[in-house]
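Chemist: quick one: sequence plus predicted model below, questions after.
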Amino acid sequence: MTLDLSRWEKPDKGVLFVVTGSSGTGKTTLVRAALERVPHLSFSVSATTRPIRPGELHGVDYLFLSPERYDQLLVQGAFLEHASVYGNRYGTLREPVEQAIDAGVSIILDIDTQGAEQVRSSWPAAVSIFILPPSVEVLEQRLRGRATDPEEVIQRRVREAGLQLQECGRFDYLVVNDQLSSAADQLQAVLVAEQLRRPRRDSWVARFEGGGTTE
Ligand code: 5GP
């Protein structure tokens, strides 16, 4: 699919996109590909108490915080949503998200189902997308193929992945990641179409309202 978005003006207001899917669904790769291709789209860097992994960068992949600093922010009400995932805590900072949306930049949150539920109730205009594996068997194979995690971590991820998958019926869009380039195109199609919806294009309505006469 060729998406020529070169003449696409920034919308009046950005869209808050929630992308969810258990580990092993290729969600992070799909989100990165979308960020490279879709204009006016930015990633919300979450805060976490999880230890940094090799290759990750503070401020790029996550804000890696001490439990004390994380708690301070939590008490201050700085999080739009937050959750405990695989024994670590994760949260989305509210302020940068609000600023971007107001400036016409859409934001992608890569968060779990607990966080998605919170966003759904506190931000009803958010658009939620669930990335599905083609089957549970394929998902388990993919999780086992990752050499970085010990067996008990893999087992916990497989269990929690099954629980997350049960929530997919609550999402606006389902993208099945069977083949990466096709799934990437499907995700990008959603991100683009949602930004073109009429309620996000009031400035265009205003330009043509009244039949375009210049009396
Ligand atoms: P990982 O530690 O492998 O990067 O992420 C583990 C899980 O935590 C993923 O399912 C990811 O979507 C989720 N996650 C990452 N950041 C956040 C966040 O800010 N909020 C919530 N609720 N989940 C998050």
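Modeler: Happy to help now that I have it. Note that the structure is a prediction, hence the values are computed from the model and not measured. Numbering: from 1, shown residues only.

Chemist: which residues does Ser84 contact?
Modeler: Ser84 makes contacts with Tyr90, Gln114, as judged by Cβ atoms under 8 Å, 6 or more residues apart in numbering. The C-beta positions use only the backbone N, C-alpha and C, and glycine is treated the same way.

Chemist: regarding it, what is its secondary structure?
Modeler: For Ser84, the assignment made with DSSP: H, G, I helix; E, B strand; the rest coil gives strand.

Chemist: check Thr28 too.
Modeler: Per three-state DSSP, Thr28 ends up helix.

Chemist: could you report the pLDDT at it?
Modeler: pLDDT, Thr28: 91.

Chemist: hang on, isn't it packed against Ile108?
Modeler: No: the criterion here is Cβ atoms under 8 Å, and Thr28 misses it with Ile108 at 10.9 Å.

Chemist: those two: who's more crowded?
Modeler: Ile108 (22 against 14; other Cβ atoms under 10 Å).

Chemist: tell me the SS of that one?
Modeler: strand.

Chemist: now do the contacts for the spatially closest residue to it that is not a sequence neighbour.
Modeler: In space, and not counting its chain neighbours, Ile108 is closest to Phe17: 4.8 Å by Cβ to Cβ, 6 or more residues apart in numbering. For Phe17, the contacting residues are Ser106, Ile107, Ile108, Leu109, Ala126, Val127, Ser128, Ile129, Leu191, Glu194, by Cβ under 8 Å, 6+ apart.

Chemist: want to throw these into JSON lines with distance to the ligand and pLDDT?
Modeler: Below are those laid out as JSON lines (distance: Cβ to the nearest ligand atom, whole Å; pLDDT from 0 to 100):
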{"residue": "Ser106", "distance to the ligand": "17", "pLDDT": "97"}
{"residue": "Ile107", "distance to the ligand": "12", "pLDDT": "98"}
{"residue": "Ile108", "distance to the ligand": "11", "pLDDT": "98"}
{"residue": "Leu109", "distance to the ligand": "7", "pLDDT": "97"}
{"residue": "Ala126", "distance to the ligand": "13", "pLDDT": "98"}
{"residue": "Val127", "distance to the ligand": "16", "pLDDT": "98"}
{"residue": "Ser128", "distance to the ligand": "12", "pLDDT": "98"}
{"residue": "Ile129", "distance to the ligand": "12", "pLDDT": "98"}
{"residue": "Leu191", "distance to the ligand": "17", "pLDDT": "97"}
{"residue": "Glu194", "distance to the ligand": "20", "pLDDT": "94"}
